[in-house]
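Visitor: What shape does this take:
(one chain, ligands or ions: 3)
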Amino acid sequence: MEHKLYGLIGAKLGHSYSKIIHEQLAGYQYELMPLPTEAEARAFMEKRAFSAINVTIPYKQLVIPYCDVIDPKAKSIGAINTIVNRDGKLYGYNTDYAGFSYLARVHGVDFADKTVLILGTGGTHSTVEAVCRDEGARTILSASRTGKYGALTYNEAMRRRDVQIIINTTPCGMYPNVGQCMLDPTAFPALEAVLDVIYNPFRTELLLRAEEHGIKTAGGFEMLVAQAVYAAQHFTGRFYAVDSVIPTASRRLQHQLANISLIGMPGCGKSTVGAALAKRLNKTLVDLDEEIERRTGNNIPDIFAHEGEDAFRRYEAEILADIAKGTGQVIACGGGVIKTPANVHAMRQNGCVLWVQRPLGKLATSGRPLSKGGAALKQLQAERTPLYRAASHAVLDNSGPLTNTVEAAVRLFESDIAL
Ligand SMILES: Nc1ncnc2c1ncn2[C@@H]1O[C@H](COP(=O)(O)OP(=O)(O)OP(=O)(O)O)[C@@H](O)[C@H]1O
Ligand SMILES: O=C(O)C1=C[C@@H](O)[C@@H](O)[C@H](O)C1
Ligand SMILES: [Mg+2]
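Guide: Ligands and ions are numbered 1, 2, ... in the order given. Purely as a prediction, here's the structure:
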């Protein structure tokens, strides 16, 4: 019996990039099939009306008894994320294992002899633990909110000064609840690397905090692509040159999905460069100031005049937080966006931040409430320079013609400054 149905099952799939990954990779149509209840998941498995599927949270254990043949690795881990229907027989695999191992390897994270702390005791925990164990970790600790099943509580974990590698396997910080973080990575004096299996956003709050302190970090996007490539091999029976296909596909998709945020002095050209850059890279332009005006129904000089700067900053932070969760956008910000610290992580979670620089004498000043020209502008520049520097991945020179600026921005973006 031929079904031709490929796709993903799980309770909630709104955040998943699996459809675009599989379709770009292998050419079959791939459906996201959310099954909110366990009863629906069981009914789906009983019917067996599919060619091949991936399985995600919370059904990686539930599907085990429906499989006729289970790969030994999947069996020992106790989780299946890939099922192939061959003539009515279901074969179960775990490609997250190889996906996580790939992620650690390409980022130069070696578990041999290391003390590793795994956050979370749910489905992905056992896969990650198996990789750490197989690759020679000396001590593997786990932490959870309850501290049950032999795990530490987060408070207890924070006292383990010997932790060298932290791996998050919880959904904490995942889209749409971005910005959340369960523990402070800077509390670990021996910490070398933080890995997060979450891939949406590209960088969770945990990773952004670690990165700020110079700790090596990697988000889960390349793991997602890697497990998809390994799954596609099972689905199609084809062999992929994984060591080139995975990085090529990851990079292409990251470029497609990444945001580019433009920051810089008032009137330096963020909106103008943003519009041209969005067109050039086929991304959606969001002009933050225009979006604030649209959503509040007031123009910006009026907001400043009637409600004051603090109120404006609150609107700005709230609206940017919502926009920056999205992907594939050029976000042209207002000059003062860097005054609110949370905005910096919002912009960096899904892409790069470019600091647009234009000589002071060329800055536009009309209609800009905080930009009066002359000495005041010089003073403003002095105050903000350290903030622009800290927030940005690179400087974008906008002293020449617009086309030069746009091509320079494309080169910076394509040089993977924020991957
Ligand atoms: N490379 C350039 N060459 C010529 N004119 C430019 C260039 N870049 C920007 N401009 C001009 O400078 C002015 C200010 O640009 P724009 O409104 O894009 O700045 P902005 O940074 O978005 O300002 P704000 O901080 O108020 O949002 C516009 O008139 C724009 O056309
Ligand atoms: O979110 C997703 O699209 C997925 C996540 C992981 O559970 C993978 O194991 C699964 O194949 C797909
Ligand atoms: Mg602007």
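Visitor: so who does the residue positioned nearest the centre of the chain touch?
Guide: The chain has residue 202 as the residue nearest its centroid, 1.3 Å off, counting by C-alpha atoms, centre = their mean. Residue 202 sits next to 219, 221, 254, 257, 258, 349, 350, 351 when contact means C-beta atoms under 8 Å, 6 or more residues apart in numbering. Every C-beta, even on glycine, is put in place using the N, C-alpha and C of the backbone.
Visitor: So what sits opposite the last one in the bridge?
Guide: Pointing back at residue 351 there. residue 259 (DSSP bridges).
Visitor: which residues sit in contact with it?
Guide: Residue 351 touches 202, 258, 259, 260, 261, 418, counting by C-beta under 8 Å, 6+ apart.
Visitor: before we move on, the earlier item: ok, now how distant is the residue nearest to the centre of the chain from ligand 1?
Guide: Distance from residue 202 to ligand 1, counting by C-beta to the nearest ligand atom, to the nearest Å: 25 Å.
Visitor: cool, and residue 55?
Guide: For residue 55, the distance to ligand 1 - C-beta to the nearest ligand atom - is 46 Å.
Visitor: returning to what we had before: confidence-wise, which of the contacts of residue 351 comes last?
Guide: Across the contacts of residue 351, the member with the lowest pLDDT is residue 418, scoring 76.
Visitor: thinking again about what came up before, which one (most neighbours) among the contacts of residue 351?
Guide: residue 261 (32 neighbours; other C-beta atoms under 10 Å).
Visitor: where along the stretch 101-250 of the chain do the helices fall?
Guide: Secondary structure of the stretch 101-250 of the chain (DSSP state H, counting those that start in this stretch): helices at 123-134, 154-158, 205-212, 221-236, 242-257.
Visitor: Could you list the contact residues of the stretch 1-150 of the chain toward ligand 2?
Guide: The stretch 1-150 of the chain has residues 8, 16, 18, 54, 56, 81, 96 near ligand 2, with proximity defined as C-beta under 6 Å from any ligand atom.
Visitor: Which residues are in contact with the fifth one?
Guide: Contacts of residue 56 were listed using C-beta under 8 Å, 6+ apart, and they are 8, 9, 10, 13, 16, 81.
Visitor: With the fourth one instead?
Guide: Listed by C-beta under 8 Å, 6+ apart, the contact set of residue 54 reads 7, 8, 9, 18, 81, 82, 83, 228, 231.
Visitor: Export the residues of the stretch 1-150 of the chain next to ligand 2 to TSV and append columns for secondary structure and pLDDT.
Guide: Shown next, in TSV, are these (DSSP: H, G, I helix; E, B strand; the rest coil; pLDDT from 0 to 100):
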residue	secondary structure	pLDDT
8	strand	98
16	coil	92
18	helix	97
54	strand	98
56	coil	96
81	coil	98
96	helix	98
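Visitor: Just the buried residues of those.
Guide: The neighbour count (16 or more other C-beta atoms under 10 Å) marks 8, 16, 18, 54, 56, 81, 96 as buried among those.
Visitor: Now the closest residue to ligand 2 within the stretch 301-419 of the chain: phi and psi?
Guide: As assessed by C-beta to the nearest ligand atom, ligand 2 sits closest to residue 327 within the stretch 301-419 of the chain, at 14.6 Å. Residue 327 has phi and psi values of phi -130, psi 170 when expressed as degrees, to the nearest 10.
Visitor: repeat for residue 267
Guide: Backbone torsions for residue 267, taken as degrees, to the nearest 10, come to phi 80, psi 10.
Visitor: Next: residue 261.
Guide: phi -100, psi 140.
Visitor: Leaving out sequence neighbours, find the closest residue to it.
Guide: Leaving aside its chain neighbours, residue 261 sits nearest to residue 347 (4.0 Å; criterion: C-beta to C-beta, 6 or more residues apart in numbering).
Visitor: So the one you found is in contact with residue 259, correct?
Guide: Yes - between residue 347 and residue 259 a contact is recorded at 7.4 Å, counting by C-beta atoms under 8 Å.
Visitor: so what sits against both of these two?
Guide: Residues touching both residue 347 and residue 259 (C-beta under 8 Å, 6+ apart) are 324, 331.
Visitor: Would you tell me which one of the helices of the stretch 101-250 of the chain is buried the most?
Guide: Among those, helix 221-236 has the highest mean neighbour count (mean count of other C-beta atoms under 10 Å), at a mean of 25.
Visitor: and it, what does it pack onto?
Guide: Where contact means 3 or more C-beta pairs under 8 Å, 6 or more residues apart in numbering; DSSP states H and E, helix 221-236 is packed against helix 18-26, strand 52-55, strand 82-86, strand 89-93, helix 96-106, helix 242-257.
Visitor: circling back: what would the contacts of residue 351 look like in CSV with distance to residue 384?
Guide: As requested, the contacts of residue 351 are exported to CSV (distance: C-beta to C-beta, whole Å):
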residue, distance to residue 384
202, 26
258, 25
259, 22
260, 20
261, 16
418, 21
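Visitor: nearest to ligand 2, of these?
Guide: residue 202 (13.8 Å).
Visitor: closest to residue 383 out of the helices and strands packed on helix 221-236?
Guide: Closest approach to residue 383 among the helices and strands packed on helix 221-236 is made by helix 242-257 (34.0 Å; C-beta to C-beta).
Visitor: Return the closest of the contacts of residue 54 with respect to ligand 1.
Guide: For the contacts of residue 54, the nearest to ligand 1 is residue 18 (36.6 Å; C-beta to the nearest ligand atom).
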